[in-house]
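*Asks:* Here's my sequence, what's the structure:
(chains A and B)
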There are 2 protein chains.
Amino acid sequence: MSDLQPAPGGDFQPGPGTDLDPWLDTYALRASGLAASEVRALFAVASRPEVVSLAGGMPYVRAIPRELVAGAFDRMLLADAPAALQYGSGQGLPRLREQILEVMAEEGITASVDDVVTTTGSQQAIDLVTKLFVDPGDVILAEGPSYVGALGVFKSYQADVVHLSMDADGLVPELLEAAIREQRAAGKRIKFLYTIPNFHNPAGVTLSAERRPQIVEICRREGVLIVEDNPYGLIWFDAPPPPPMHTLNPDGVVYLGSFSKTFAPGFRVGWAVAPHAVREKLVLATESAILSPSSFNHHLIAEYLETVDWRAQVARFRDVYRERRDAMLAALEEHLPRLSWNVPDGGFYVWVRLPEELHSKQMLPRAVRELVAYTPGTGFYADGQGGREMRLSFCYPTPEFIEEGVRRLASVVDGELELVRQFAGTGSLTPRDRDRAVASPPPDLT
Amino acid sequence: MSDLQPAPGGDFQPGPGTDLDPWLDTYALRASGLAASEVRALFAVASRPEVVSLAGGMPYVRAIPRELVAGAFDRMLLADAPAALQYGSGQGLPRLREQILEVMAEEGITASVDDVVTTTGSQQAIDLVTKLFVDPGDVILAEGPSYVGALGVFKSYQADVVHLSMDADGLVPELLEAAIREQRAAGKRIKFLYTIPNFHNPAGVTLSAERRPQIVEICRREGVLIVEDNPYGLIWFDAPPPPPMHTLNPDGVVYLGSFSKTFAPGFRVGWAVAPHAVREKLVLATESAILSPSSFNHHLIAEYLETVDWRAQVARFRDVYRERRDAMLAALEEHLPRLSWNVPDGGFYVWVRLPEELHSKQMLPRAVRELVAYTPGTGFYADGQGGREMRLSFCYPTPEFIEEGVRRLASVVDGELELVRQFAGTGSLTPRDRDRAVASPPPDLT
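*Replies:* All right, here's what the predicted structure looks like:
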C-alpha cells in the first residue's frame, strides 16, 4: 500500500506497523521485495461509492446476463457435480483446455491441447514463469510503463527489470536490440522479454503488425524468451489487433491468456501456452503452488463456453467498452485539453501525460479528496519513473461517471497548476499550502 | 512423475522427453527442484475405473447432497452476482473470513478476522509461507514421513528438509530439541517446523495432548516458527483431537486450515492464520501470486456456511470415513496380518510397514498390474527413505472396494514375498523373473 499512501490526514487507511515483528530476522531475502501492490489500495478506494474511480482494472461484469451463469451452473451441476467438487488435474480440465484452443483460434493461434496450462488468472502464470526462470539479479526486459502486477512478481523474485520505451507503435525494435547488447555487455543474464502487445496496460498502445516479426526475430536470434501477455486481445473496438507473436514463433513464446476480461475475473481462470519443455515445468510449478486449479470453476466455464454464445457476449463487452472509451476521450478533450494522451484501439486504459509541474503520485490525495481516483504512473515502473504520467481506466464506470470523473480530475489539475504557478519561485509547497489553496467542497454525485 | 515411474512396459505413461529443450540453460536454479509430484501420477492411476485406488487423498464428495450446493449457488447469484464475478480482496472475502473464525472455533481457536488470509487451498499457504521465509539452503524441520505436497514446495525453494521421527504420540520433543541443536551447531538456519498434528498425512498419527505444550515451548524458547497444517482436524472418529498448538502460542504459529475435507476440494479454498506481521506479508505474497482469490468460490462457500447446516455435513463425513477406516482395518487384519500398521483416530490414512524383504516403490507396478494402487512411502520423505512403508487411503473407495483392494494387495505382497524367498541367495531379481513369478490374471471388479 505504501506507494499510494498519502501524508497523515489523507483518505487512505495506513497499514498497521510492523515494528514489533519477532520474525523480522527470519524472512527470506526475497521477502523484502514484496511491496504492497497499488492495485490493492485501488480496490479499497474504488469500493467507496462516492468516489468516481478511474483507477482500477475491474471489468464491467454487470454486462453479463445473470441467467447465462445460472444456466451454465445448473447444467454443470447435473452433469458433473462429483468431478466439479473434486480435486482435478494440475494442468487443468482437458475439456476446458480444448475450448481454450477455440478461444485462441479467434486470434489466429493454433496449439495443441497438451501445451495449454491453466492458471489462477494470468497473474499466476506470470508468477510461475518468473519462479521457473529468474534467479536473483537476472534481468527481465519489459515495456516502460508495464503492468503493475507483473512488476510486483518480478520484484518478489529479486529480478532486475530493464524498461524499454514505447512509441505509438509499441516496443521499438532498435531499443530492444540495444538493451540486450548493453545488458549482456554488463554481464547480466536476460531471462525473458515480458510484453503486452495488445491495448497495453497501462499505456493503451498496440504493437504494430510491422514490428511483431521484427521483435520476434530479434528475440529468436538472441535467444531471449518472449512472455506475451494478452488479456485484452479480444476487446478491440474497430478492428482486431495483428496476430499474436506466438503465431510467428511458438517455440520462442510463452503466451498468456485469461477469461477475466472476456467472461469474469471472479473465477480466476487464465492460461499459458508454452514451448513443450517449458510447459512440462509449468505444470510441475502449478502443482507445487496450488496442487490443482478449481475444478468447480473449470467445469462451470467449460459449460458456459459450450452452451452459451460466448462470442456474442465478447461482442457485447466490446460495445460497452468502446462507448466508455469514447466517453473518456470526449471528456478529456472537453475538460483537460492541456494534457496529452493516447487513443487506445481496445482494452481498458488511456495513458495521460501531465504538465511537467505536476506529479501524479503527489496529486493523488488531492484527487481522492475531490472524489476521483486514478492510478499514478509511478506504479508502472520498477525504477520510480512515471511521476508525470497517470492511467485512467474506462472499463468500470458508466459513461456518465466517466465524464464526471474527468471533470473532477480537471478541477484537481487546474487547482494544482494554479497553486504551483502561484508559489513558483517561493520554495516548495507544504501540505498546508495545498490545503489552503483548494477550498472547493467535493461535488455530490451519489 | 519420475518417482512413480516403473520400468518400460509398466502401467504408467512415461512423460515426454525434454532432451531438446532450447531453454535448458535459462531456468532458475530452483527449477531443478521441481520434481513431478507423486500425487499427479496417482490421480492418473486412480481415474482408471478397474483399479481399486488406495492411493489418492480425494475426499468422498458424493457424500455432499447436490441440492445443498445448488441452493447456496441460487441464493448467492441472486444476492451477490456482480461481486462474485468480480476481482475481490487479496486477503479474501471479509464475510467468509468471519465464518472461518466460526469453523476454527470448533477446534478451540480464537483469532481476529484480520489475521485470516484465505489461500488457494492449504497448498498455496504452504507455498507462500515457504516463499516468505526460505532462502536456498535454509532448514525446514518436518515429521518423517511428511505431506508429499509440502515436501515438493520445500524442494522448489531449495530448502533442506530435516525429518523428525514420530512415535505413536506423534513428534518426539527430545528429537525436536536435538535436531535444533544439531542443525545450529552445523551453522544452518532453521526457518520453521512444519507439522500436521492431527491424523497425520501420511502417518495417521495424532500428536498427544501432553506433547503439544512441550513442542510449543521448545519452539518458543528456540525462536522456531511453527507451521501447523490442520486439514483433517474436524474429521475425527471417536473424540475430537486435542486443541491446536495455535491456541497455546498464537504469536509463534502459522495455522493452516482448509475447506477441502469439510466441504469440497474443487473450490480450492483454504486459509492461514498468522501472527500479525507475518499475515501482512502473506497478503502481499498472495496478491503477487494470484492478485485475488476466486470471489465466486468465496461467495458460494459463504452462502453455504450461512444457510446450510455445515456441522451436520461434517458429521456425515465423519460417519462415512469412520466406516471406511473400520473396513480397512478389518481387511488388513484378515488379509495382511503379517504386516503392521497404525490405527488412525481420524483423517484419511493408514500407514503400513512392510516386511524388510519388500520395497513399496518397487512393488507398485506389480500392484497396479493386479489392479490396486497405493502410495509408496518414498514420496513422503525428502531423502529417499520410506521403501518399507506405504500409505493406504480409505477416504475415497467404498468399504466393499476397500476390502477388495486390500485383498488384491495381499496377493501382491504374498507373491512378492514368495518370489523373494524363492530367489533368496540366487542374486537379484530381474524384471523378467518377476513377470514369470506372478502369472495370475488380474481380478475383475468392474
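*Asks:* which one is the one residue in the stretch 301-446 of chain A that gets nearest to chain B nearest to, not counting chain neighbours?
*Replies:* Nearest residue of the stretch 301-446 of chain A to chain B: residue A:396, at 9.3 Å (CB to the nearest CB). Glycine gets a C-beta too; all of them are placed from N, C-alpha and C. Sequence neighbours aside, residue A:58 is the residue nearest to residue A:396 in space, at 4.6 Å (criterion: CB to CB, 6 or more residues apart in numbering or on different chains).
*Asks:* for residue A:362, what are its contacts?
*Replies:* With contact set as CB atoms under 8 Å, 6 or more residues apart in numbering or on different chains, residue A:362 has these partners: residue A:387.
*Asks:* Look up how far residue A:390 lies from it.
*Replies:* Counting by CB to CB, to the nearest Å, the separation of residue A:362 from residue A:390 is 11 Å.
*Asks:* circling back: there's contact between the residue nearest to residue A:396 and residue B:86 in this structure, I believe.
*Replies:* Yes. Here residue A:58 reaches residue B:86: they are 5.9 Å apart, a contact under CB atoms under 8 Å.
*Asks:* Check the contact lists of those two and give me the overlap.
*Replies:* With CB under 8 Å, 6+ apart, residue A:58 and residue B:86 have common neighbours residue A:265.
*Asks:* Which one's more surrounded, the two?
*Replies:* residue B:86 (24 against 20; other CB atoms under 10 Å in any protein chain shown).
*Asks:* check contacts around the more buried one.
*Replies:* Applying CB under 8 Å, 6+ apart to residue B:86 gives the contacts A:58-59, A:61, A:264-266, B:295.
*Asks:* Direction included, what does the lengthiest strand in chain A pair against?
*Replies:* Counting residues, the longest strand in chain A under DSSP state E turns out to be strand A:160-167. Strand A:160-167 sits in its sheet next to strand A:139-144 (parallel), strand A:170-171 (antiparallel), going by DSSP bridges.
*Asks:* what sits against the residue nearest to residue A:396?
*Replies:* Contacts of residue A:58 by CB under 8 Å, 6+ apart are A:46, A:265, A:395-396, B:86-87.
*Asks:* Okay, buried residues for stretch A:351-369 please.
*Replies:* A:351-352, A:354, A:358-369 (16 or more other CB atoms under 10 Å in any protein chain shown).
*Asks:* make that stretch A:166-180, sorry
*Replies:* Buried residues in stretch A:166-180, counted by 16+ other CB under 10 Å: A:166, A:170-173, A:175-177, A:179-180.
*Asks:* What helix or strand is whatever residue of the stretch 1-150 of chain A ends up closest to chain B located in?
*Replies:* Residue nearest to chain B within the stretch 1-150 of chain A: residue A:21 (3.4 Å; CB to the nearest CB). For residue A:21, there is no host helix or strand (DSSP states H and E).
*Asks:* residue ranges with poor pLDDT in chain A?
*Replies:* Chain A contains residues with pLDDT under 70 at A:1-19, A:37-47, A:425-446.
*Asks:* can you give me the helices for it?
*Replies:* Assigned by DSSP state H, the helices in chain A fall at A:38-46, A:66-85, A:94-105, A:121-133, A:148-156, A:173-185, A:211-222, A:276-290, A:295-307, A:310-335, A:360-369, A:399-422, A:431-437.
*Asks:* ok, the contacts of residue B:86 vs residue A:237, which is closest?
*Replies:* When the contacts of residue B:86 are compared for distance to residue A:237 (CB to CB), residue A:59 wins out at 15.1 Å.
*Asks:* what's the closest one in contact with, if anything?
*Replies:* Counting by CB under 8 Å, 6+ apart, residue A:59 has contacts A:260-261, A:264-265, A:317, A:348, A:395-396, B:86.
*Asks:* before we move on, what about residue A:157?
*Replies:* Going by CB under 8 Å, 6+ apart, the list of residues near residue A:157 reads A:30, A:33, A:130-131, A:134, A:136, B:28.
*Asks:* Can you pull the phi/psi pair for it?
*Replies:* Dihedral pair for residue A:157: phi -110, psi 20, per degrees, to the nearest 10.
*Asks:* and what of residue A:348?
*Replies:* Taking degrees, to the nearest 10 as the convention, residue A:348 sits at phi -120, psi -10.
*Asks:* surely it meets residue A:321?
*Replies:* Yes. In this structure, residue A:348 is within contact of residue A:321 by CB under 8 Å, at 6.9 Å.
*Asks:* which neighbours do these two share?
*Replies:* A:235, A:394-395.
*Asks:* okay if I get those residues as JSON lines plus neighbour count?
*Replies:* Below are the shared contacts of residue A:348 and residue A:321 laid out as JSON lines (neighbours: other CB atoms under 10 Å in any protein chain shown):
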{"residue": "A:235", "neighbour count": "24"}
{"residue": "A:394", "neighbour count": "29"}
{"residue": "A:395", "neighbour count": "22"}
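*Asks:* how about the residues of the stretch 201-350 of chain A near chain B?
*Replies:* A:223, A:225, A:251, A:260, A:264-268, A:275-278, A:280-281, A:283-285, A:287-297 (CB under 8 Å from any CB of the partner chain).
*Asks:* what about 7 Å?
*Replies:* By CB under 7 Å from any CB of the partner chain, the residues of the stretch 201-350 of chain A that approach chain B are A:225, A:251, A:264-268, A:275-278, A:280-281, A:284-285, A:287-291, A:293-297.
*Asks:* Can you say which of the residues you listed are buried?
*Replies:* If we count by 16+ other CB under 10 Å, those have these buried: A:225, A:264-268, A:275-278, A:280-281, A:284-285, A:287-291, A:293-297.
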